[in-house]
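Enquirer: Quick one, fold the following:
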Amino acid sequence: MKKHPVLFLFLCLLLLACQPTPTEEAVVAPNGYEASIRDRRPQAEQTITVLAPDCWNEVMELRYWNVTIDADVSPNVIGAVPVYESAYVTMDDIREQANRVKRVLLRDTTAFCDAAYSKADWYRQIQLYADTPVWDDRTGGNTRYPTDEEVKAYAKDLSSFIDAAPMELEYRPFSPAADAIPDEARYALSDGSFALMRCDPKSISALYGAELFFNAFDQTESQVLAGDGLLGEPIGTTIEGVKIDAKAAEEQALSLMRELSLDGFKIVKSEKARYVNEYTRQNVAVGYTVVLCRAEGGYETAGNTIPLRLQNRGERTEGATYRPYWDWEEIRIFVDETGVRSFWWTQPTKRPQLINEAVEILPFEAVKEVIRTHLKNLLVWDEDNLFWREDYAGRSKDLISHVGLYFGIIPKKNDVDAFYYGPVWIVTVLGYPADADVPATPYTMPVRYLHVNAIDGSLIDY
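Expert: Numbers count the residues shown, from 1 in each chain. Here you go, the predicted structure:
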């Protein structure tokens, strides 16, 4: 019988196609970390603390300047090194949890008003603007008042809000337990004070006390120290008059988190903060802002080192492999001596799901070499740019002050909506002028964060 090679090949392919589908998903990863993450088998050797030295001191010599490494090293991990899977959601996706948060935040409400401001409130804002000194280029300070033309232009900008506002605010009875909660409304509380809540698909915020939500904005002491507070405030200004300490503020913030049933968060930082009236430039409240971010499995959270550069996530202009910058889920609670004054929850994510109990990570000696390589590659453009070099003439430019292993975001292969929470080395890089032997005011130095995947050493962000 004559054999037919084509027919024989076809039968072989058909036989292969009929084989049982594997139970485990086949993963072809560009750097290998996806395969490690997917492997659910615990790695016994990784169930001890990740070993790293307490400090790292050396000088990286580049062509035109040096990078000084004088860093404390903090593994920040005890026990296993787990990896979780998560994704961004909207408040509608977690409707039950979001509604519970809203109702707890409004638990002392007796009535509400659809409008946050009356016409009189908007006219008062125009009057405040007219009576408040503005920046004068000639004197370099807030030494002149707005002209009639500027006041009229300001009033024109507010005209649509004024037209839509009622003559007087009308409150209606409100039951936090039963009534629907508007996206934005002003609420009367049982103690005679007021609250303002704003909600959108990605955030819930609440302010308590009309002085906070009427022409006021918040600032942390680090902003004020760096000269980013009020115009005319010198660098190094501090926030005075705080009548609560950090420990008490953190206890109140954590107590509220328990009441809201928001678990899986840890405090990233707490620092002095203030609310300032936009026009009078007076503090209307001083206290502490407590910042909380996602953290699981013994990790310290890295929320305060995530650059918030996520822009236009909906524009998938680079195909299936496009990776946007990730915003970090965050809760900010402002507390003064009277209690919680503001709450802000933004960029919600799915509750992290454990997919690997103890993923193997690179030893620290390998991590150091990875960091050196990434920094050299990232600084190539700076070195080759003549104008940039002239701004930093000399041998010193960057200082690495801290290297820590944190609970960070690791992009997921070919998926722009989901990601991993896992081990990420974060390197704090401070930039300073070449002629500064020791930076005198570290809060004014530009800070960048190098994010390195601790599993395979790939660059995540800078």
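
Enquirer: could you measure the nearest residue to Leu189 once chain neighbours are set aside against Ala180, distance?
Expert: Of all residues not flanking Leu189 in the chain, Asp108 sits nearest, at 4.7 Å (C-beta to C-beta, 6 or more residues apart in numbering). Backbone N, C-alpha and C define where each C-beta goes, glycine included. Separation of Asp108 from Ala180 (C-beta to C-beta, to the nearest Å): 18 Å.

Enquirer: more neighbours, these two?
Expert: Between Asp108 and Ala180, counted using other C-beta atoms under 10 Å, the more crowded position is Asp108 (14 against 6).

Enquirer: what sits against the more buried one?
Expert: Asp108 sits next to 189-191 when contact means C-beta atoms under 8 Å, 6 or more residues apart in numbering.

Enquirer: Tell me where the stretch 1-150 of the chain has strands.
Expert: Along the stretch 1-150 of the chain, counting by DSSP state E, counting those that start in this stretch, strands occupy 55-61, 66-74, 83-87, 109-113, 134-136, 141-144.

Enquirer: what's the closest of these to Glu296?
Expert: Glu296 lies closest to strand 83-87 among these, at 5.8 Å (C-beta to C-beta).

Enquirer: Can you name the residues in contact with that closest one?
Expert: 37, 294, 296-297, 349-356, 359, 410, 412, 417-423, 455.

Enquirer: Looking at these, which are in helices?
Expert: Of these, the ones assigned to helices by DSSP state H are Ile37.

Enquirer: which ones among the contacts of strand 83-87 are found in strands?
Expert: Counting by DSSP state E, the members of the contacts of strand 83-87 that fall within strands are 294, 353-356, 410, 412, 417-423.

Enquirer: among the residues you listed, which ones are buried?
Expert: 294, 355-356, 410, 412, 419-423 (16 or more other C-beta atoms under 10 Å).

Enquirer: Any idea which of the strands of the stretch 1-150 of the chain gets closest to Asn277?
Expert: strand 141-144 (13.7 Å).

Enquirer: So in that sheet, which strands flank the closest one, and in what orientation?
Expert: strand 134-136 (antiparallel) (DSSP bridges).

Enquirer: pLDDT of the strand it pairs with, averaged?
Expert: Mean pLDDT, computed over strand 134-136, is 82.

Enquirer: and the residue lying closest to Phe194 once chain neighbours are set aside, what are its phi and psi?
Expert: Sequence neighbours aside, Ala210 is the residue nearest to Phe194 in space, at 4.7 Å (criterion: C-beta to C-beta, 6+ apart). Per-residue torsions, Ala210: phi -60, psi -30 (degrees, to the nearest 10).

Enquirer: Give me the number of neighbouring residues for Ala210.
Expert: Ala210 has 16 neighbouring residues, counting by other C-beta under 10 Å.

Enquirer: Can you spell out which helices and strands pack onto the strand or helix carrying Gln219?
Expert: Assigned by DSSP states H and E, Gln219 belongs to strand 216-220. If you count contacts as 3 or more C-beta pairs under 8 Å, 6 or more residues apart in numbering; DSSP states H and E, strand 216-220 packs onto strand 265-277, strand 283-294.

Enquirer: got the angle for that strand vs strand 265-277?
Expert: 130 degrees (axes from the mean of the first three to the mean of the last three C-alpha atoms, to 10 degrees).

Enquirer: Pull the residues that contact strand 216-220.
Expert: 228-229, 271-278, 284-285, 289, 334, 342.

Enquirer: Which one of those residues is nearest to Glu96?
Expert: Ser342 (23.8 Å).

Enquirer: show me the contacts for the closest one.
Expert: Ser342 touches 205-208, 212, 218, 275, 332-334, counting by C-beta under 8 Å, 6+ apart.

Enquirer: possible to save those as a markdown table with pLDDT, distance to Met91 and secondary structure?
Expert: Listed next are the contacts of Ser342 as a markdown table, based on pLDDT from 0 to 100; distance: C-beta to C-beta, whole Å; DSSP: H, G, I helix; E, B strand; the rest coil:
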| residue | pLDDT | distance to Met91 | secondary structure |
| --- | --- | --- | --- |
| Ser205 | 97 | 12 | strand |
| Ala206 | 97 | 14 | strand |
| Leu207 | 97 | 18 | strand |
| Tyr208 | 97 | 21 | strand |
| Leu212 | 93 | 22 | helix |
| Asp218 | 94 | 22 | strand |
| Tyr275 | 97 | 25 | strand |
| Arg332 | 96 | 17 | strand |
| Ile333 | 98 | 18 | strand |
| Phe334 | 98 | 21 | strand |
